[in-house]
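Novice: build me a model from this:
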Amino acid sequence: MPPQLLDQAEIEARLALLHPGWAGTTAKLGRSIEFADFPSAVEFINRLAPQCEALDHHPDLALRWRWVDVELSTHSAGGVTELDATLAGIVDEVAAALPQAS
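Specialist: Numbers count the residues shown, from 1 in each chain. Below is the predicted model of the structure:
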C-alpha cells in the first residue's frame, strides 16, 4: 500500500519547517538551490544520493551549472507524502553543508 497523500494544509505545515526556498502543492514539492560553483552543486548531488538510497525515496534532480533544482513526489502514491517532507529536510541539511551563492 502506498504512503498516504498529504493535503495542502499538511503540506503548508511541513513547508513552514523547511528552508524558505521550498514551495509545494499536493502534486510536488520543489526548491532551486544556487551553489557557489559547479563543483559544489555536483558535490551536493553526490552527498544526497546515499541518503536517498537509505530512505528508498528518490528526488527528481536537474543540474544546471551551479544550480540544482529538486522536485519531490511519491510517484507510487500520486503526490506528496510524508516521505517527501522528510526528504526535503535532508535536502536542506545537505545543502547547508556546502558553499552556496551569496
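Novice: okay, and the beta partners of A62?
Specialist: A62 has these beta-bridge partners by DSSP bridges: D69.
Novice: A85 belongs to a strand?
Specialist: No: applying DSSP: H, G, I helix; E, B strand; the rest coil, one finds A85 to be helix, outside a strand.
Novice: where do the strands sit along the protein?
Specialist: 23-24, 29-34, 60-64, 67-72 (DSSP state E).
Novice: remind me what the shortest one packs against, helices and strands.
Specialist: The criterion is 3 or more CB pairs under 8 Å, 6 or more residues apart in numbering; DSSP states H and E, and the helices and strands that strand 23-24 contacts are helix 8-15, strand 29-34. Any C-beta I mention is one placed from the backbone N, CA and C, and that applies to glycine too.
Novice: kindly reformat the strands of the chain as CSV containing mean pLDDT, mean neighbour count and distance to Q8.
Specialist: Below are the strands of the chain laid out as CSV (pLDDT from 0 to 100; neighbours: other CB atoms under 10 Å; distance: least, CB to CB, whole Å):
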stretch, mean pLDDT, mean neighbour count, distance to Q8
strand 23-24, 98, 18, 8
strand 29-34, 98, 19, 12
strand 60-64, 98, 13, 21
strand 67-72, 98, 19, 15
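Novice: could those strands go into JSON lines alongside distance to Q4?
Specialist: JSON lines is the format used below for the strands of the chain (distance: least, CB to CB, whole Å):
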{"stretch": "strand 23-24", "distance to Q4": "16"}
{"stretch": "strand 29-34", "distance to Q4": "16"}
{"stretch": "strand 60-64", "distance to Q4": "21"}
{"stretch": "strand 67-72", "distance to Q4": "16"}
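Novice: which residue is nearest the centroid of the chain?
Specialist: Residue closest to the average C-alpha location in the chain (CA atoms, centre = their mean): A88, at 3.9 Å.
Novice: need the contact list for it.
Specialist: R14, L18, W22, L29, R31, V70, L72 (CB atoms under 8 Å, 6 or more residues apart in numbering).
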